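In: this is the structure alone, sequence omitted:
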C-alpha cells in the first residue's frame, strides 16, 4: 500500500504480539501495517528494544480504544546483574563498576525489594521516551544535556526476587502502567551498595492478556494479508470489564448519526453485568463486534427524535463510533 494511502482497513481488533529482542515497538507496528495492509495501527505501551514479550497491537477501528487501554496493569519477569551499573540502567548502556559494596545474598536482596512495593515515587530514567519541554529524555541524554525531571507516583504490586546465581538475580514485577522496571533494579542496586542493571526483561501480562496468547513476528509474516485475520481478537476482548449490549439494527442506524439511544433498544449480553449511570459500555451489532463505546446516562443530552421519545429508562450516549467509515 502506498505511503499515505487512506484505504479503509478491512481488519478491526487487537493482536497480542510477542516482541523479539532488538526490535522497537514501532518496528512491530510497521510489520503489522505491511501484513494487514493498513496504516491504522497502534499499540498500548512501549517496550524497550532490550525487552521482549507482550505488545498489544490495535488495528483499524480498535485504535480508537487506546486511551482506555494505556493504563492497563502489567507483569514482567527478568534478570539483573549485580555489581555493575550503567547510564541506561540496563545492559544496553555504558557499563561501569558499581559502588563496590559486597553483593547481597538472596534473603538480603528480598528484603531490599520489599520497600520498593506499594505506591512509590519514581523518577523516569534519563534514557526514556518521557517528554520534557517537548523533547524526549533520551534526546537530552544523547547530547549530554541534563534536565530536571519530576518524580511520579507509580504502584508496584510485587517485586519478587526468585533466584540468585552468583551475580545474576531472577525477578518478577507486577506494577501499574508507567512503572520503569529498569529504575526499580537500579534502585535496589543502589540500596545494596553494589549497583545493578537489567540484563533481560520479558513482559508476560497486560491486564487480561497473557504472553501465551501472543503471535510471533515470523507467524505474522508467514500468514500474510489473507491469514492475518486468524490472529485478530475482537474489540470486545480489549476491555473485558465493560458491560456488553447488543443493539437492534435500527438502533445502530441512530448511533451512526451520533444519537443517544434508549436502553430498551439493546439487550444485555448474558455474561455481562448491567451498566450503571456513568459506566462506559460496548454497544454491538446483533451477533457482531462492538460498533460504539457509549456512556450510560439517565436521560439523553438533548431532546430525542419523536421516534425515540416514547422510551423511558436509561439511555446510551455514544462516545466513540467503532464503525468503519464513521
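Out: Okay, I see it. These numbers were taken from a predicted model, which means no experiment stands behind them.

In: and the residue most central in space within the chain, how far is that from residue 28?
Out: For the chain, residue 44 is the residue whose C-alpha lies nearest the centre (Cα atoms, centre = their mean; 3.4 Å). Going from residue 44 to residue 28 by Cβ to Cβ, to the nearest Å gives 12 Å. Every residue, glycine included, has its C-beta placed from N, CA and C.

In: phi, psi of residue 311?
Out: phi -80, psi 140 (degrees, to the nearest 10).

In: mind listing what it touches?
Out: 262, 264, 265, 304 (Cβ atoms under 8 Å, 6 or more residues apart in numbering).

In: list the buried residues for stretch 286-304?
Out: Within stretch 286-304, the residues that count as buried by 16 or more other Cβ atoms under 10 Å are 289, 290, 291, 292, 293, 294, 295, 296, 297, 300, 304.

In: and if you look at stretch 94-105?
Out: Buried, per 16+ other Cβ under 10 Å, within stretch 94-105: 95, 98, 103, 104.

In: same deal with stretch 60-67?
Out: 60, 61, 62, 63, 64, 65.

In: now do that stretch: distance to the chain's middle.
Out: Mean C-alpha position of stretch 60-67 versus that of the full chain (Cα atoms, centre = their mean, to the nearest Å) differs by 12 Å.

In: re the thing from before, residue contacts, the residue nearest to the centre of the chain?
Out: Residue 44 touches 56, 58, 66, 69, 70, 72, 206, counting by Cβ under 8 Å, 6+ apart.

In: hey, which strand is longest across this protein?
Out: strand 152-165 (DSSP state E).

In: mind listing what that one pairs with, with the direction of each?
Out: strand 118-122 (antiparallel), strand 168-175 (antiparallel) (DSSP bridges).

In: which elements pack onto whatever helix or strand comes next after the last one?
Out: Meaning strand 168-175. For strand 168-175, the following helix or strand on the C-terminal side (DSSP states H and E) is helix 181-192. Packing partners of helix 181-192 (3 or more Cβ pairs under 8 Å, 6 or more residues apart in numbering; DSSP states H and E): strand 74-82, helix 106-113, strand 152-165, strand 168-175, strand 196-206.

In: quick one: buried residues of the fourth one?
Out: Just to be clear, that refers to strand 168-175. Applying a neighbour-count criterion of 16+ other Cβ under 10 Å, one finds 169, 171, 173, 174, 175 buried in strand 168-175.

In: right, and the third one touches residue 181 too?
Out: Yes. Taking Cβ atoms under 8 Å as the definition, residue 173 is a contact partner of residue 181 at 5.3 Å.

In: okay, and the beta partners of the nearest residue to residue 75 once chain neighbours are set aside?
Out: Among residues not flanking residue 75 along the chain, residue 205 sits closest, at 3.8 Å (Cβ to Cβ, 6 or more residues apart in numbering). On the basis of DSSP bridges, residue 205 is bridged to residue 75, residue 210.

In: which residues touch residue 205?
Out: 54, 73, 74, 75, 174, 211.

In: who touches the nearest residue to the third one once chain neighbours are set aside in this structure?
Out: In space, and not counting its chain neighbours, residue 74 is closest to residue 206: 5.4 Å by Cβ to Cβ, 6+ apart. With contact set as Cβ under 8 Å, 6+ apart, residue 206 has these partners: 16, 44, 45, 54, 56, 72, 73, 74.

In: which of these sit farthest apart?
Out: 16 and 73 (15.4 Å; Cβ to Cβ).

In: hmm, back to that, who wins for neighbours among the contacts of residue 205?
Out: Counting neighbours by other Cβ atoms under 10 Å, residue 54 leads those with 25 neighbours.

In: domain assignment for this protein?
Out: 13-64+208-234, 74-206, 241-321 (automatic domain parsing).

In: just the contacts of residue 206: which are in strands?
Out: Checked against DSSP E, those include these in strands: 16, 54, 56, 74.

In: let me know the closest of the residues you listed to residue 222.
Out: Using Cβ to Cβ, those come closest to residue 222 at residue 16, 17.0 Å.

In: apart from its chain neighbours, what residue comes closest to that closest one?
Out: residue 214 (4.4 Å).
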